[in-house]
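J.: Attaching a predicted model along with its sequence, questions to come.
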Amino acid sequence: MKRIGIIGVGEIGRAIVEGLYDRGGDAPEVFLSPRGARTAAELSERYEGVRVCPDNQAVVDRSAIVIIAVRRQDRHEALAGLTVPGDKIVINVMSGVGNDDLRRTLATDAPIVRAIPLPAIRERRSVTVTYPSHPVVDSLFEHLGGALPVADETAFNVFSAVTGTLTTHYSYLATLTSWAVGHGIASGDADRYVRSLFQEVGRALSDETRSLQQLAADHETPKGNNERIRTTWFTPASSEALAQALDDLLDDLK
């Protein structure tokens with residue numbers, strides 16, 4: 001596998017490194033930028049093939065694949081003055097930053113691929129959406145759990161908007177736990193039960209022979225508890241509100 005550089009070592013940068021190294025095999029050399037210094041230093045101490053570079057240009061110079069993982073608002077400062085030769089491959093994982101925008105910032109002819117890696121990539125369980133399809137980039141993400149190349153940037157932005165619902169799901173689970181605690185359940189017991197309940201949901205999702213609608217129907221008894229909560233809380237109005245929030249986010253991503 002080609003040498004990989006990561007500029008911006010936050011949660012996603014860490015997850016990529018852990019996904020490459022934690023299950024053994026032939027992991028590539030990885031070069032980290034000094035941004036996110038504490039995380040970069042910890043990863044270089046843990047893995048023999050991971051090194052922290054003195055600056056971002058050194059990351060580019062030593063790598064064949066350069067992953068740009070800085071925050072959108074920090075990109076101009078972090079990438080200013082970088083020289084990226086055309087023989088490099090750039091992976092853009094910045095939310096809301098299109099490839100044309102990044103190409104102007106870098107002033108490079110190198111191929112640029114957008115990607116949406118998620119934290120579960122550390123366990124090689126996350127499918128990563130990519131655009132445009134590139135054999136080297138798609139192969140990297142197949143190694144880390146799966147690649148889903150899409151036809152155009154419009155489709156990519158739709159998947160990016162869907163990804164924006166992730167923490168809403170966690171907040172939903174936290175609300176269930178708080179509700180149970182408010183009715184006298186010990187915090188640890190409520191937390192343990194809610195986690196167990198929805199870990200089972202995650203396992204059911206791995207059965208791709210059943211549609212999501214079928215999975216919902218299979219877990220619901222007519223006039224039972226699940227149907228009652230679904231029909232009284234997740235109403236057509238709340239569904240429309242979610243769709244509107246997604247539409248608004250998609251407009252911003254464009």
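T.: That came in fine, so what should we check first?

J.: going forward, measure contacts between C-alpha atoms and count neighbours the same way
T.: Noted.

J.: Run a quick neighbour tally on residue 93.
T.: 23 (other CA atoms under 10 Å).

J.: Show me where the protein has its strands.
T.: 4-7, 30-32, 50-52, 65-68, 89-92, 112-116, 128-131, 147-149 (DSSP state E).

J.: For those, give me TSV that also has mean pLDDT and distance to residue 15.
T.: TSV is the format used below for the strands of the chain (pLDDT from 0 to 100; distance: least, CA to CA, whole Å):
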stretch	mean pLDDT	distance to residue 15
strand 4-7	97	11
strand 30-32	97	13
strand 50-52	95	13
strand 65-68	98	13
strand 89-92	98	15
strand 112-116	98	12
strand 128-131	98	13
strand 147-149	98	16
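
J.: Can you add distance to residue 38 and give the ones you listed back as JSON lines?
T.: Listed next are the strands of the chain as JSON lines, based on distance: least, CA to CA, whole Å:
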{"stretch": "strand 4-7", "distance to residue 38": "14"}
{"stretch": "strand 30-32", "distance to residue 38": "11"}
{"stretch": "strand 50-52", "distance to residue 38": "11"}
{"stretch": "strand 65-68", "distance to residue 38": "18"}
{"stretch": "strand 89-92", "distance to residue 38": "23"}
{"stretch": "strand 112-116", "distance to residue 38": "24"}
{"stretch": "strand 128-131", "distance to residue 38": "26"}
{"stretch": "strand 147-149", "distance to residue 38": "30"}
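
J.: need those in TSV with mean neighbour count and distance to residue 137, can you?
T.: Formatted as TSV, the strands of the chain follow (neighbours: other CA atoms under 10 Å; distance: least, CA to CA, whole Å):
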stretch	mean neighbour count	distance to residue 137
strand 4-7	27	11
strand 30-32	29	15
strand 50-52	22	20
strand 65-68	24	8
strand 89-92	24	8
strand 112-116	24	8
strand 128-131	24	8
strand 147-149	19	9
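
J.: quick one: which of those strands is nearest residue 200?
T.: With CA to CA, the closest approach to residue 200 among the strands of the chain belongs to strand 128-131: 22.8 Å.
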